Each structure stands twice: as structure tokens, then as C-alpha cells.
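*Asks:* only the shape, not the letters, is given here:
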């Protein structure tokens with residue numbers, strides 16, 4: 001027969017569930033300044049209410065993909081062209097000084 005302490009439901013051990021030990025959302029309230037107490041989504045710092053997994057997909061999966069003018073490759077190419085123009089201008093200055 002079990003001891004009286006073991007059979008008492010008020011003295012049983014509390015189980016810890018995953019949502020109880022999960023990291024908490026880092027979003028703060030504008031009004032009170034307190035942090036949100038909801039569990040953060042795995043891999044994110046915020047909960048599902050404050051923007052985790054939000055936003056549009058990148059690349060061709062995004063429905064607004066019409067041309068490549070603002071793609072990562074096009075942006076990198078524009079940065080390279082700008083750098084080349086800067087180098088050409090500095091070279092032109094150097095050559096004009098040496099000719100004088």
C-alpha cells in the first residue's frame with residue numbers, strides 16, 4: 001500500500017512542459033513598457049504575434065517578381081560599377097596631375 005504522502009495529489013511533482021521552459025518573446029509594449037510573455041517561436045526572438053515567420057518569400061517565390069533590377073545580383077553589380085567609376089575618377093586625377 002502507498003504511503004499517505006505519495007497518494008496526496010496536492011503534493012505531487014510538477015511536470016515542466018516545453019512551452020513553460022521556452023525562451024520568451026523580446027517584444028515590448030509601447031504603453032506599459034513590459035515584455036511580452038508569450039513563448040518565442042523556435043529560431044526567432046519574438047512570438048508569432050510579434051512577427052515571427054512574417055514577411056514575403058524571397059526571390060521568384062515572391063509574387064511581385066517582375067524583373068531583376070532590384071535582385072541581390074543586380075545590386076551587387078551596381079556597387080561594383082560605382083566602385084569602378086570611383087577608381088577611374090581617382091586615376092584620371094592622378095594622370096592629369098602627372099601631365100601638368
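*Replies:* That came through, no problem. Quick caveat: nothing in here was measured; it's all calculated off a predicted structure. Numbering: from 1, shown residues only.
*Asks:* residue 37 contacts residue 25, correct?
*Replies:* Yes: in this structure residue 37 lies within contact range of residue 25 using C-beta atoms under 8 Å: 7.3 Å. Backbone N, C-alpha and C define where each C-beta goes, glycine included.
*Asks:* more crowded one of the two?
*Replies:* Neighbours per residue (other C-beta atoms under 10 Å) separate residue 37 from residue 25, with residue 25 holding more: 22 against 8.
*Asks:* can you give me the pLDDT of the more buried one?
*Replies:* If you check residue 25, the pLDDT there is 94.
*Asks:* now do it against residue 73, distance only.
*Replies:* Distance, residue 25 to residue 73, using C-beta to C-beta, to the nearest Å: 35 Å.
*Asks:* quick one: the helices in this protein?
*Replies:* Under the criterion DSSP state H, the chain contains helices at 4-7, 18-21, 72-99.
*Asks:* show me what counts as buried in the last one.
*Replies:* Yep, that's helix 72-99 we're talking about. By 16 or more other C-beta atoms under 10 Å, helix 72-99 has no buried positions at all.
*Asks:* outline the domain layout of this structure.
*Replies:* Following automatic domain parsing, one gets these domains for the chain: 14-53, 70-100.
*Asks:* need these in CSV (columns: distance to residue 62).
*Replies:* Below are the domains of the chain laid out as CSV (distance: least, C-beta to C-beta, whole Å):
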stretch, distance to residue 62
domain 14-53, 15
domain 70-100, 11
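*Asks:* out of these, the one nearest residue 61 is which?
*Replies:* domain 70-100 (13.1 Å; C-beta to C-beta).
*Asks:* all set, thanks.
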